[in-house]
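Engineer: this one's structure only:
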């Protein structure tokens, strides 16, 4: 297979990437034939997958706007993925130009394109790193330059913790970041679940074992436990469309069809 100009040399062209599959669901073009084939197979089991991904992006927009309204001006976006329209820095800086954002991802395609998107933006940077290595991320120059440890931080984990294989590691990762940020900081999480879709979701889960990021769905209690010690912001842990929709039309008749929980929590 001929390597696309946008794919760095370390990118495996023969194995699907969860980040590139997500890009395909969102209508992007930074994906390969192997990613598209995988996505089409997953959509045979769950045709609603592209809608779920768009619903997740809508939650990203609403939650970032909410944090800006609470006075948050710095954001750490962990597992940020391949850039698409409506990224965190666009939303935050659109509402408050002084906002600062550090993106973190372990996918070299995501990082390479983020670097292009952020060129000339002094208030944003991207870091190639595994978010599970909390200390390495927090010690990075970009974090030191853009994130003031004395001011509240928005710690963002959109659709990424369901790629962490154990409850303990997911909790420890969250706690590591939240321990490093001051009172008044926020945690934002969206997390996949199979509580409603059942066997169809398990088919997708089995498919994801072929990618660079196997999928580990969790139930509402497990997702809620990620915010232990924090103050959940109303309406709590709910399905994506139900977290502070901008209009009644955003809430479907059956929001559980999003198969993804959303929550925002504040560090007291």
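Structural biologist: Nice, I can see it. Note that the coordinates shown come from a computational prediction; the quantities given were computed from them, not determined experimentally.
Engineer: Residue 195: how many residues sit nearby?
Structural biologist: By the measure other CB atoms under 10 Å, the count of residues near residue 195 is 14. From N, CA and C alone the C-beta is placed, and that goes for glycine too.
Engineer: For the closest residue to it other than its chain neighbours, give me phi and psi.
Structural biologist: Leaving aside its sequence neighbours, residue 195 sits nearest to residue 219 (CB to CB, 6 or more residues apart in numbering; 5.4 Å). Note on residue 219: backbone dihedrals following degrees, to the nearest 10 are phi -90, psi 180.
Engineer: elements contacting the top helix by length along the chain?
Structural biologist: When the chain is parsed with DSSP state H, its longest helix is helix 49-69. Here helix 49-69 touches helix 18-25, helix 33-45, helix 88-95, strand 154-158, strand 186-192, strand 260-266, going by 3 or more CB pairs under 8 Å, 6 or more residues apart in numbering; DSSP states H and E.
Engineer: wait, which of the ones you listed is closest to residue 67?
Structural biologist: Nearest to residue 67 among the helices and strands packed on helix 49-69 is strand 154-158; the distance by CB to CB comes to 4.5 Å.
Engineer: Check which element follows that closest one along the chain.
Structural biologist: Per DSSP states H and E, the first helix or strand lying C-terminal to strand 154-158 is helix 167-180.
Engineer: That following helix versus strand 260-266: what angle between them?
Structural biologist: With axes from the mean of the first three to the mean of the last three CA atoms, to 10 degrees applied, the angle from helix 167-180 to strand 260-266 works out at 30 degrees.
Engineer: For the spatially most central residue of the chain, name its beta-bridge partners.
Structural biologist: Central residue check for the chain by CA atoms, centre = their mean: the C-alpha nearest the mean position is that of residue 158, 2.2 Å away. Beta-bridge partners for residue 158, by DSSP bridges, are residue 190.
Engineer: I'd say it and residue 188 touch.
Structural biologist: Yes. Counting by CB atoms under 8 Å, residue 158 sits close enough to residue 188 to count as a contact (7.2 Å).
Engineer: What residues of stretch 72-87 count as buried?
Structural biologist: Under the neighbour-count criterion of 16 or more other CB atoms under 10 Å, stretch 72-87 has 72-84, 87 buried.
Engineer: which among the residues you listed gets closest to residue 152?
Structural biologist: residue 72 (5.2 Å).
Engineer: give the contact list for residue 236.
Structural biologist: By CB atoms under 8 Å, 6 or more residues apart in numbering, residue 236 lies in contact with 224, 263.
Engineer: Am I right that it is in a helix?
Structural biologist: No. Counting by DSSP: H, G, I helix; E, B strand; the rest coil, residue 236 is not found in a helix; it is coil.
Engineer: Relative to residue 161, how far out is residue 30?
Structural biologist: Counting by CB to CB, to the nearest Å, the gap from residue 30 to residue 161 is 23 Å.
Engineer: Looking at those two now, which is surrounded by more residues?
Structural biologist: Taking other CB under 10 Å, residue 30 and residue 161 do not tie; residue 161 has more neighbours (25 against 22).
Engineer: can I assume that one is in contact with residue 187?
Structural biologist: No. Using CB under 8 Å, residue 161 makes no contact with residue 187, being 10.6 Å away.
Engineer: which neighbours do the two share?
Structural biologist: Counting by CB under 8 Å, 6+ apart, the contacts common to residue 161 and residue 187 are 174, 226.
Engineer: ok, now which ones touch the nearest residue to residue 171 once chain neighbours are set aside?
Structural biologist: Leaving aside its chain neighbours, residue 171 sits nearest to residue 226 (6.0 Å; criterion: CB to CB, 6+ apart). Applying CB under 8 Å, 6+ apart to residue 226 gives the contacts 161, 170, 171, 174, 187, 189, 191, 263.
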